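# from the sequence below, what's the structure:
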Amino acid sequence: MFYESHDVRLLLGSAWDVAASLDDDSVDCVVTSPPYWRLRDYGGRPEQWGQERSVGQYVDRIVGLFGLIFRKMKPEGVVWLNLGDKRVDGQLCGVPWMVAKDLQTDGWHLRSAVVWQKPNGMPESCTDRVSQNYEHVFMLTRGKEHYFDLDPLRVMYDGDRSASRRARSGHTNKGNSATGVWSGEHSGRNPGSVWSIPTQPFPGAHEAVMPLELARRCVVSSCPEGGLVFDPFHGSGTTAQAAVESGRRYVGGDINDGYLRLSLDTRLQNGTLDLGGALS
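Numbers count the residues shown, from 1 in each chain. Just a heads-up that it's a prediction; the model follows:
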């Protein structure tokens, strides 16, 4: 145990060891972003993720970890898994979808594939293809029945909404037009599966930091208040901050004690953490 308070537990150790330490059927939601394959070295530790010799080894390792996490999830639990791709000899490897399909084969239900579009993504100098300005965030569940609250994600209607007005008044003439009583939600519309969220650099952390808004959307939609959020790749603590600020409990682990201390000194220091907790 690296740190513990009434709503936060930070564990120093590998993702596998941290996940194994949790009680079965105890986790409401996982929001995580494992190190991407062969993108950068996070300190030369032999147990670090992302430095596997082949993409197949990387995929198998993630699927194996989530086989363990499967048992730790409540039956209605939800996983949000953010993965980036890798180019070899100029072509994409398709890593995110390799992982997603193998997780399906392993028993997970692939509920949604969100595209995280980065409006301020790093520019690329390529001239033989378009720039890559998005990543995948997969929503996975243990079974068909799962917790999900759409309301915190709803987007306020904007624009003319003429199509909606025609449907509401009954003035439609196409077979695929909306008909009948207009059933628009006053609280906003479903945001869909393309989320435009700027990247956010974080002092002291590696450059691949999940934006707080992305983690927040995953947490508030897929974990009830007071529920337990888990991130086996704690990093700078984005998921931890999103969980605590929204009234959820959090447990996370990392092999790098520097990241755990960084999150305590920054993200979890901003009035969200009981600093009376025990620090190892």
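
# what about the residue nearest to residue 210 when sequence neighbours are not counted, distance to residue 212?
Beyond its immediate neighbours in the sequence, the residue positioned closest to residue 210 (Cβ to Cβ, 6 or more residues apart in numbering) is residue 238, lying 4.6 Å away. Any C-beta I mention is one placed from the backbone N, CA and C, and that applies to glycine too. Relative to residue 212, residue 238 is positioned 6 Å away (criterion: Cβ to Cβ, to the nearest Å).

# helices of this protein, start to end?
Shown for the chain, the helices assigned by DSSP state H span residues 15-20, 55-72, 95-105, 162-169, 212-222, 238-245, 257-265.

# and those, which one is worst for confidence?
The stretch with the lowest mean pLDDT among the helices of the chain is helix 162-169, which comes in at a mean of 47.

# tell me what angle the lengthiest strand in the chain forms with helix 55-72.
Of all the segments of type strand in the chain, defined by DSSP state E, the longest one is strand 73-83. An angle of 150 degrees separates the directions of strand 73-83 and helix 55-72 when computed by axes from the mean of the first three to the mean of the last three Cα atoms, to 10 degrees.

# and the pLDDT at the closest residue to residue 28 other than its chain neighbours?
Of all residues not flanking residue 28 in the chain, residue 227 sits nearest, at 3.5 Å (Cβ to Cβ, 6+ apart). Note for residue 227: predicted pLDDT of 99.

# okay, the angle between the longest strand of the chain and helix 95-105?
Relative orientation of strand 73-83 versus helix 95-105 (the same axes, to 10 degrees): 160 degrees.

# which elements pack onto strand 73-83?
For strand 73-83, the helices and strands in contact under the criterion 3 or more Cβ pairs under 8 Å, 6 or more residues apart in numbering; DSSP states H and E are strand 27-32, helix 55-72, helix 95-105, strand 134-141, helix 212-222.

# highest average neighbour count across those?
The highest average neighbour count among the helices and strands packed on strand 73-83, using mean count of other Cβ atoms under 10 Å, belongs to strand 27-32 at a mean of 26.

# hmm, who's touching that strand?
Contacts with strand 27-32, where a contact means Cβ atoms under 8 Å, 6 or more residues apart in numbering, come from 69, 72-74, 76-82, 147, 215, 218-219, 222-224, 227-233, 239, 242-243, 248, 251.

# let's go with 6 Å and repeat that
Residues outside strand 27-32 that contact it (Cβ atoms under 6 Å, 6 or more residues apart in numbering) are 72-74, 77-80, 215, 218-219, 222-223, 227-233, 239.

# try stretch 213-227
Stretch 213-227 is contacted by residues 28-29, 31, 78, 80, 149, 152-153, 197, 229, 238-239, 242-243, 246-248 when judged by Cβ under 6 Å, 6+ apart.

# what's in contact with stretch 146-161?
So stretch 146-161 is contacted by 76, 78, 187, 188, 189, 191, 217, 220, 221 (Cβ under 6 Å, 6+ apart).
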